[in-house]
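let me see the structure of the following:
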Amino acid sequence: MDFDRYAPRFLLWVADRSEGVPASPVDCAEFRTWQQMDPAALRALVDHLSELGFLSTYEGLGGGEGGPGDPHVRLEPPGVEQARRLRRRREDETERARYAQDAVLEWLRVHRGQPPYPLSGFYDSPQVFFLGTALTLDEVEEAVGYLAGVGLVERSDEGAGITLTDDGRDFVWSGSRLDEYVREWREREHAPAQTVVQVTYSVQMGPAELGLLVQRLAPDLELDGDSLAELLRLSGELAHQGDPGVTGPGGPVPVDPNGTPLPVRQRGVLGRVRELVSSASGGAVKTLLEDVVAQAVTRGLGM
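The predicted structure is shown next:
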């Protein structure tokens, strides 16, 4: 017995037939005929709602269209309140829309056979009923469009077929709530794009220019004190090559007796500068200097 389908429908039907007098008995024969139910199914439905405290029965009464076996029932106070809640929910467009989305996903989850599945089959399924009434064509189409928009389903065969996407299959078997998935999906879709800018530097620096650049940026490399001091000293040698008499961070630049700067140990200096830069913490400054120094080593800076 599909209680989810028939119980709300039957309870609301009884409430409508009570005509504002919940204590008045209602003959169930008309409902059984309307729904083409056999007497045993109707009795199971009445027993189910009676166990919930929504109805009570008048045993022995009957004789209506269905014969003497059809029960008479009356609403109990909890049944009256439940009928009011069901009416409010049934008329709530937001709740109907949410149910339609969940219903389509559940129908796809339990469907057998090879997708895509004709959407027309949904209208013959138990999932189409919301609180005992069938969803409309527009409600189902809107639900499918919404699910497609968030990447859970896709349509094919000119819109006649529908199937779960990979994300949709993961979702229906995960037991997650649709609103939670949609919230996470929107966060992913609207997250600020992480722009990765890759800049290739092509530089033509002399020793002095390279030394000045390294000196200027070295404090941002987050080196330990000894390594930073060494890098500044070596970059000073480069920066002041060709500038006699200038004192760098490491002391006076060596000159010959005629005041001409002594040649810088370019190969060794550049190699050590490269090692020190590579040992620094990661970051844009390190990336820049590594690129520039590597090009300088490759060119040899006149070596």
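
what about the nearest residue to residue 285 once chain neighbours are set aside, neighbour count?
Nearest residue to residue 285 in three dimensions, chain neighbours excluded: residue 220, at 4.5 Å (C-beta to C-beta, 6 or more residues apart in numbering). The C-beta positions use only the backbone N, C-alpha and C, and glycine is treated the same way. Residues near residue 220, counting by other C-beta atoms under 10 Å, number 15.

pLDDT on the helix or strand residue 275 falls within, on average?
If you go by DSSP states H and E, residue 275 is part of helix 266-278. For helix 266-278, the mean per-residue pLDDT is 79.

between the following helix or strand past it and helix 266-278, how big is the angle?
Once the chain leaves helix 266-278, the next helix or strand it forms, by DSSP H and E, is helix 284-299. If you take axes from the mean of the first three to the mean of the last three C-alpha atoms, to 10 degrees, helix 284-299 sits at 160 degrees to helix 266-278.

list the helices and strands helix 284-299 packs on?
Here helix 284-299 touches helix 207-217, helix 266-278, going by 3 or more C-beta pairs under 8 Å, 6 or more residues apart in numbering; DSSP states H and E.

what's the angle from whichever helix or strand comes after the first one to helix 207-217?
By that I understand helix 207-217. Downstream of helix 207-217, the next assigned helix or strand under DSSP H and E is helix 225-239. Using the same axes, to 10 degrees, one finds that helix 225-239 and helix 207-217 are set 150 degrees apart in direction.

please compute how far helix 225-239 lies from its chain's middle.
50 Å (C-alpha atoms, centre = their mean, to the nearest Å).

tabulate the CA atom coordinates of that helix in PDB.
What follows is helix 225-239, C-alpha atoms only, in PDB (Å, rounded to 0.1, in the frame of the first residue of the first chain):
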ATOM      1  CA  GLY A 225      70.300  36.900   8.700                       C
ATOM      2  CA  ASP A 226      73.500  35.300   7.500                       C
ATOM      3  CA  SER A 227      72.100  34.400   4.100                       C
ATOM      4  CA  LEU A 228      70.700  37.900   3.600                       C
ATOM      5  CA  ALA A 229      74.000  39.500   4.600                       C
ATOM      6  CA  GLU A 230      75.900  37.300   2.100                       C
ATOM      7  CA  LEU A 231      73.400  38.000  -0.700                       C
ATOM      8  CA  LEU A 232      73.800  41.700  -0.100                       C
ATOM      9  CA  ARG A 233      77.500  41.500  -0.100                       C
ATOM     10  CA  LEU A 234      77.600  39.500  -3.300                       C
ATOM     11  CA  SER A 235      75.000  41.800  -5.000                       C
ATOM     12  CA  GLY A 236      77.100  44.700  -3.900                       C
ATOM     13  CA  GLU A 237      80.100  43.300  -5.800                       C
ATOM     14  CA  LEU A 238      77.900  43.200  -8.900                       C
ATOM     15  CA  ALA A 239      76.300  46.500  -8.300                       C
END
